[in-house]
Structure formats: C-alpha cells, structure tokens
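**Student:** Need a 3D model of the sequence below.
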Amino acid sequence: MESVVRKFLAAFTDRNVDELVAFFSDDAVFIDGPRGVHRGKEAIRSEFEAELAMGFESIKIDVNSLVANGGIVMMEGVENYIIGGKPFSMETIGAFDINRDGLITRWRYSYDLKPLTDQIESAGFNVPT
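**Tutor:** Model prediction:
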C-alpha cells in the first residue's frame, strides 16, 4: 500500500487530473484541511482541477517520512511549488486508507496554509484562491 501513496504523490509532478483521480475509489473521501471535504471521485476531480488552475508552474511533493500498516499509510513531507519563476514550499501531513484493490478510499490531508500564502505575498504575487 505504501507504493500506491508514493506513486500518487509523485503523480502531482505531471499535473494530470485524470491520472490523479484514477488513484481513488468511486466513493472516496478527500478531507483537505482548510479547503474542505470532497466526497466522491467527481468532487475530488473538481478540487484537483481548481488547485491545478491556481497558476502553479510546477508542483513536487517530497516525502520525508512514510509509514504503513496494512491499508493505512501516513506520510509527512514538503510540497514544493514554482510560481512566477520563484520557489515556494509548504509542510504537509497525510493519512490514507487504501482498499484491497489498491485504491485510495479516504485521504486526510493537513497543512498550515498561512506560511505558503505569506511567502507568495512577500514575493509580490496575489495569493491563489
């Protein structure tokens, strides 16, 4: 199950919504800290489309630690972005439930958005919403 999460997080680099959504079961739940709860594959698709439309030139998630126990996988890492040619980063943690088919059924994602928005604003950019 660890490999599912590693592949999923690595897929953000390609910014392909279809590829990202394919990691989820039809009835999956994505609990995204400050951005709310998204139930079902189509709601998750809409959220990914909104996030990827924010103007990030690139996204890369570096996994600092990852532990797995059966179908539960927990990770801690750093999201790295390029906006307007400048790098920005944000620390994150996540917990995933993976079913026997290797699909994500629940993803709880936490982060403090303020340090990222502070970085973006101090660089003279408008904060994406």
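**Student:** Show me what the mean pLDDT comes to for stretch 79-94.
**Tutor:** Average pLDDT, stretch 79-94: 88.
**Student:** again with stretch 106-116
**Tutor:** 86.
**Student:** can you pull out the helices in the chain?
**Tutor:** Here the chain has its helices, by DSSP state H, at 2-11, 17-21, 41-52, 113-122.
**Student:** Can you give me the end-to-end span of stretch 37-45?
**Tutor:** Using Cα to Cα, to the nearest Å, one end of stretch 37-45 lies 13 Å from the other.
**Student:** Name the residues of it that come out as buried.
**Tutor:** His38, Lys41, Ile44, Arg45 (16 or more other Cβ atoms under 10 Å). (Each C-beta comes from the backbone N, C-alpha and C, glycine too.)
**Student:** Same check on stretch 116-129?
**Tutor:** Leu116, Thr117, Gln119, Ile120.
**Student:** where's the third one relative to Ile83, distance?
**Tutor:** By that I understand Gln119. 9 Å (Cβ to Cβ, to the nearest Å).
**Student:** how about Gly70, what does it touch?
**Tutor:** Met1 (Cβ atoms under 8 Å, 6 or more residues apart in numbering).
**Student:** ok, what's across the strand from Ile82?
**Tutor:** Ile82 has the following beta-bridge partners by DSSP bridges: Ser58, Pro87.
**Student:** I'd like the numbering to begin with 869 instead of 1 from here.
**Tutor:** All set: I'll call the first residue 869, so the last point we hit is now Ile950.
**Student:** can you pull the contacts of it?
**Tutor:** Contacts of Ile950 by Cβ under 8 Å, 6+ apart are Phe924, Glu925, Ser926, Phe956.
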